[in-house]
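# Make a model of this:
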Amino acid sequence: MIEATEKQLGLLWHTLGLCAERSDRRSISRNHFLTSPGYDDSNNLDVMVAAGLMTRGKAPAFCSEDEVVYRATNEGKQFALDKLPPPPPPAKRTKFDAYLDECECYDGFAHFLGINMPQYQQRGSWGKWEYRMVRYPRGSAYRQYRRHYNFERWSIYEPLEVAGEWAPTMKEAKASYKAALKEYHAKPKLPANDFERLYSA
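The predicted structure is shown next:
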């Protein structure tokens, strides 16, 4: 009965392009292993040559003269396949995987998740700009799914779900928004139908 150490089996799998940890590398895709005599790899490969699992041959002309090519025999190929453990279970699909399947239908990952992103507003004149960060309610034409810096796309007549205070810098505006958002989350929420009625009145 032919046996092989973990190291030798790993070299045989590598020779054939196999990988026990990957479900997409469970079939033979090549058959060569290039190394030089005297190294640990070649010593282990020579053991498999003696066992009839591999052959030892001359390297191609573009390689160094002392290099050797090892190839698996038919028996070695079957041995390598028989020694593969059961394939690993498929990776658990994430929401991002689902997003990648249909990303062209959405304006970014936040849109796919239904996340309502805040955006900056700007007012004033050159040298005297003021900024604030706001979030529009769901259903608003101004609602965004990406961080938004188009200062011209907002309306003073559109209701806001969360709004920070006007500030001289965007950094201060963001800090004010975070405080307003914290306060918003602390308040008891209206039922969905009451919320819609509030903004449709």
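
# tell me the secondary structure for the closest residue to residue 21 other than its chain neighbours?
For residue 21, ignoring the flanking residues on the chain, the nearest one in space by CB to CB, 6 or more residues apart in numbering is residue 88 at 6.4 Å. For glycine as for every other residue, the C-beta is placed from the backbone atoms N, C-alpha and C. Judged by DSSP: H, G, I helix; E, B strand; the rest coil, the three-state class of residue 88 is coil.

# burial count for residue 88?
11 (other CB atoms under 10 Å).

# can you pull the contacts of it?
21-23 (CB atoms under 8 Å, 6 or more residues apart in numbering).

# Kindly report the same for residue 17.
Per CB under 8 Å, 6+ apart, neighbours of residue 17: 25, 28-30.

# for residue 164, same thing?
132-134, 173-180.

# do residue 35 as well
Residue 35 touches 41-42, 45, 67-68, 70, counting by CB under 8 Å, 6+ apart.

# what do you get for residue 27?
Residue 27 is in contact with residue 18, counting by CB under 8 Å, 6+ apart.

# a helix runs through it, doesn't it?
No: counting by three-state DSSP, residue 27 falls outside a helix, being coil.

# tell me which of the contacts of residue 17 is nearest to residue 51?
residue 28 (18.7 Å; CB to CB).

# Give me the pLDDT value at the closest one.
Note on residue 28: pLDDT of 93.
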